[in-house]
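Trainee: fold the following, please.
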Amino acid sequence: PWLRSKAGASISSALRIGTSPLGRSLFASQPIQEGDCILQLPHAAQLTQHKLPQEVRLLLDDDAVARAAAAKVAVLLMMEQRLGHESGWAPYVTSLPAKDQMHNMMFWDLDELDMVRHSPVYDEAIEQKERIRKQFSAAKPALERFPHLFGEVKLEDFMHASALVSSRAWQTSRGVSLISLTMMVLLILY
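Mentor: Numbers count the residues shown, from 1 in each chain. Okay, here's the model as predicted:
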């Protein structure tokens, strides 16, 4: 009901939920023809930077590093997480993995990184961590002006939100959007 009310989406009866070797999955239960619409998820059912309160968005826009679309979506996710069950996105936000459930290079310690030192993965992980630290440093002063929305602003929370965005966001006509299979599954289940 939550996602249906948020999305006003249409869903094909050709879809079903099942289990694959990769976990919970969405399957076609009948042939789908080219051009068939199996799921319509409007912008209202996507978490985008445009859903940030305007005063927060404007402060982030003042800094070239903090204005990155993915960083803003991470900030929005932090805000929604802070709101907890009061968030209009609570069913989705609470379904996301906790930091200790994430398998993201951003959370690797030095020993883990050292195991891949001689591969491109090492450089990518170091660059990603540095980019996230810079974005956090640029965004933190703006976020601290809104303690009622963000509480205590911590690098580890920003890293977690950034990892969630980098692993689940899609590029859409409105920029970076969190559109998750979880949201689609919730829509089908209810």
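Trainee: could you use CA atoms for every contact and neighbour count after this?
Mentor: OK.
Trainee: against Pro53, how distant is His43?
Mentor: 17 Å (C-alpha to C-alpha, to the nearest Å).
Trainee: helix or strand: which one has the most centrally placed residue in the chain?
Mentor: Nearest residue to the geometric centre of the chain (C-alpha atoms, centre = their mean): Val165, 3.2 Å. Element membership of Val165, judged by DSSP states H and E, is helix 155-168.
Trainee: in that helix, what's buried?
Mentor: Within helix 155-168, the residues that qualify as buried are Asp157, Phe158, Met159, His160, Ala161, Ser162, Ala163, Leu164, Val165, Ser166, counting by 16 or more other C-alpha atoms under 10 Å.
Trainee: phi, psi of the residue lying closest to the last one once chain neighbours are set aside?
Mentor: The spatially closest residue to Ser166, leaving aside those adjacent along the chain, is Ala70, at 7.5 Å (C-alpha to C-alpha, 6 or more residues apart in numbering). In terms of degrees, to the nearest 10, the main-chain angles of Ala70 are phi -60, psi -40.
Trainee: tell me the confidence at Ala70?
Mentor: Looking at Ala70, its pLDDT reads 92.
Trainee: who are the contact partners of it?
Mentor: Ser162, Val165, Ser166, Val176 (C-alpha atoms under 8 Å, 6 or more residues apart in numbering).
Trainee: neighbours of the closest residue to His160 other than its chain neighbours, how many?
Mentor: Leaving aside its chain neighbours, His160 sits nearest to Lys99 (5.7 Å; criterion: C-alpha to C-alpha, 6+ apart). Other residues lying near Lys99 total 16 when counted by other C-alpha atoms under 10 Å.
Trainee: if we can go back for a sec, so which of His43 and Pro53 has more stuff around it?
Mentor: His43 (15 against 12).
Trainee: Val56 and Ala142 touch, don't they?
Mentor: Yes - look at Val56 against Ala142 with C-alpha atoms under 8 Å: they come within range, at 6.9 Å.
Trainee: what helices or strands is the host helix or strand of Ala142 leaning on?
Mentor: Per DSSP H and E, Ala142 falls inside helix 120-143. Packing partners of helix 120-143 (3 or more C-alpha pairs under 8 Å, 6 or more residues apart in numbering; DSSP states H and E): helix 54-61, helix 110-114, helix 155-168.
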